[in-house]
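1. Just need the structure, nothing else, for what follows:
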Amino acid sequence: MSRPTAPATFRVDPYRWTVLGVFMLINVAVQVLWISYAPVASQAAHAYGVKREGIDLLANLFMIIYLPVAIPAAWAIDRFGLKKAVGFGAVLIGGFGLLRALFPTDYRMALIGTVGISIGQPFLLNAFTKLAAVWFPSAHRATVTGMMFLAMFAGIGIGEGLTPWLCENYTFTGMQLIYGVGAALSAWFFLLMARDKPSTPPDSAEDQVRALVFQGFRGMMRRKEVYMLSLALFLGSGIVNAVFTLIDGLAQEKGLTTGQGVTLTLVLLVAGILGSILLPALSDTLRRRKAVLLVGIFAAVPAAFFLALARSYGGELVFFFLLGFFVTGMTPVAYQYGAEITHPAPEGLSNGIFALVVQASGLLIVAMDSVKKWTHGSYVPSLLILTLFLFFSGRLFLRAKESPDMLKPSC
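-> Next up, the predicted model:
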């Protein structure tokens, strides 16, 4: 590992906002492609001539494929740089998104297209902290990571809210064409306008020093904070994903209507957007990572607890909001904290490891469905167990150290 010669001065390149903008745009596109079938699942099943399970598979492939691709994608980001690695992912997303649009009633093409998009997705999700570190000073990195999460939620919101309207006014085929062309254009904009790095680093040269990927991985595995943070992320993200995914059954169990269940998921989504803006900005302003993460964990515990037990719609609205705000809001802070405590491991590697943990938390949904069979059709016991584990993960995280970057004097 060689140490580069430090330049005499550092300059924050104004072009960073262009790079961030095109990166956010392609992230919006991939989330739209992921969620677009969900709000019109019955119509999609009819158009493709398959059962509803076939449509569910198209969404689940994103998580299934992410697991084996995550680490190779992280290696590629750190080995080849942002433009080549993320550009490769963008080409897959744009190309295979367009493929689905060109064969709108062929399920085999939809399956091939979804596999291609799913392979491209980790090259985006694992680059959040890399882009923040290369283009932005440390004082703004959690905020910038939060903006990337904002793009993800914007894509989910567009896919959930706009898809039924597009299908009604432009047919299922027209909806796919609009999204496919949009993804291709997003990929083209990224390839045209993205750059690997600014002409001069935005921060201290020592922040640019990075270990080799495998050397960095060994270093990461020696840090107890990595395991503490991974456990909290796994449980918190698992609870949010489970509530979002299992809302139909959960709403029925609580005597709520389908419309009320949809509203609760929208509240969860909006709260996550607000949290991913405000909590990272608070972390950067206060120059504290650990404290903000602890607030997120311990605030999520009562929110999840009362969400599980509440029976009134008004109460559920409050607790859904709090859960989305604190769990989703602390996630970009967690990614940035993870990148800082694992230095000099490459950002793509640390980002990839923690993103892999978040994706793997979807396994808790399967566990909750299994427990439901033993608890008279109720999700409440498994939610309470996960909440208890989340509380203990917070107690464990009290022993973690603050990010060394936050302990340095601010510039």
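2. Only C-alpha atoms from now on, for both contacts and neighbour counts.
-> Fine.
3. burial measure for Q336, as a count.
-> For Q336, the count of nearby residues is 28 (other CA atoms under 10 Å).
4. hang on, it packs against K130?
-> No: between Q336 and K130 there is no contact under CA atoms under 8 Å: 9.6 Å.
5. Next SSE downstream of the worst-scoring helix or strand of the chain on mean pLDDT?
-> Sorting the helices and strands of the chain by mean pLDDT, DSSP states H and E puts helix 213-220 at the bottom, at a mean of 63. As assigned by DSSP states H and E, the chain's next helix or strand after helix 213-220 is helix 224-245.
6. How far off centre is the following helix or strand past that following helix?
-> Going down the chain from helix 224-245, the next helix or strand is helix 247-253, by DSSP H and E. Offset of helix 247-253 from its chain centre (CA atoms, centre = their mean, to the nearest Å): 24 Å.
7. From the contact counts, what lies against helix 247-253?
-> Helices and strands touching helix 247-253, by 3 or more CA pairs under 8 Å, 6 or more residues apart in numbering; DSSP states H and E, are helix 258-286.
8. Which neighbouring elements make contact with the helix or strand that comes right after the helix it packs on?
-> Elements were assigned by DSSP H and E; along the chain past helix 258-286, the next helix or strand is helix 290-309. Helices and strands touching helix 290-309, by 3+ CA pairs under 8 Å, 6+ apart, are helix 224-245, helix 258-286, helix 313-323, helix 329-341, helix 380-397.
9. quick one: the second one to helix 290-309, angle?
-> Between helix 258-286 and helix 290-309, the angle formed by their directions is 170 degrees, by axes from the mean of the first three to the mean of the last three CA atoms, to 10 degrees.
10. now helix 258-286 against helix 313-323, angle please.
-> Put simply, helix 258-286 runs at 30 degrees to helix 313-323, going by the same axes, to 10 degrees.
11. before we move on, what about the fourth one?
-> Following the same axes, to 10 degrees, one obtains 10 degrees for the angle between helix 329-341 and helix 313-323.
12. what's downstream of helix 329-341, the next helix or strand?
-> helix 347-360.
13. Reformat the helices and strands packed on helix 290-309 as TSV; add mean pLDDT and distance to A73.
-> Listed next are these as TSV, based on pLDDT from 0 to 100; distance: least, CA to CA, whole Å:
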stretch	mean pLDDT	distance to A73
helix 224-245	90	19
helix 258-286	90	24
helix 313-323	94	30
helix 329-341	90	16
helix 380-397	95	28
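14. tell me the most buried of those?
-> Counting by mean count of other CA atoms under 10 Å, helix 329-341 has the highest mean neighbour count of these, with a mean of 26.
15. And that one, what does it pack against?
-> Checking 3+ CA pairs under 8 Å, 6+ apart, helix 329-341 ends up next to helix 128-135, helix 141-193, helix 224-245, helix 258-286, helix 290-309, helix 347-360, helix 404-407.
16. CA atoms only for that helix - export them in PDB, please.
-> Presented in PDB, the C-alpha positions along helix 329-341 are these (Å, rounded to 0.1, in the frame of the first residue of the first chain):
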ATOM      1  CA  GLY A 329     -32.900   7.600   8.800                       C
ATOM      2  CA  MET A 330     -30.000   6.000  10.800                       C
ATOM      3  CA  THR A 331     -29.100   3.600   7.900                       C
ATOM      4  CA  PRO A 332     -27.100   6.200   5.800                       C
ATOM      5  CA  VAL A 333     -25.400   7.300   9.100                       C
ATOM      6  CA  ALA A 334     -24.500   3.600   9.700                       C
ATOM      7  CA  TYR A 335     -23.000   3.200   6.200                       C
ATOM      8  CA  GLN A 336     -20.900   6.300   6.700                       C
ATOM      9  CA  TYR A 337     -19.800   5.300  10.200                       C
ATOM     10  CA  GLY A 338     -18.900   1.900   8.800                       C
ATOM     11  CA  ALA A 339     -16.700   3.400   6.100                       C
ATOM     12  CA  GLU A 340     -14.900   5.600   8.700                       C
ATOM     13  CA  ILE A 341     -14.300   2.900  11.400                       C
END
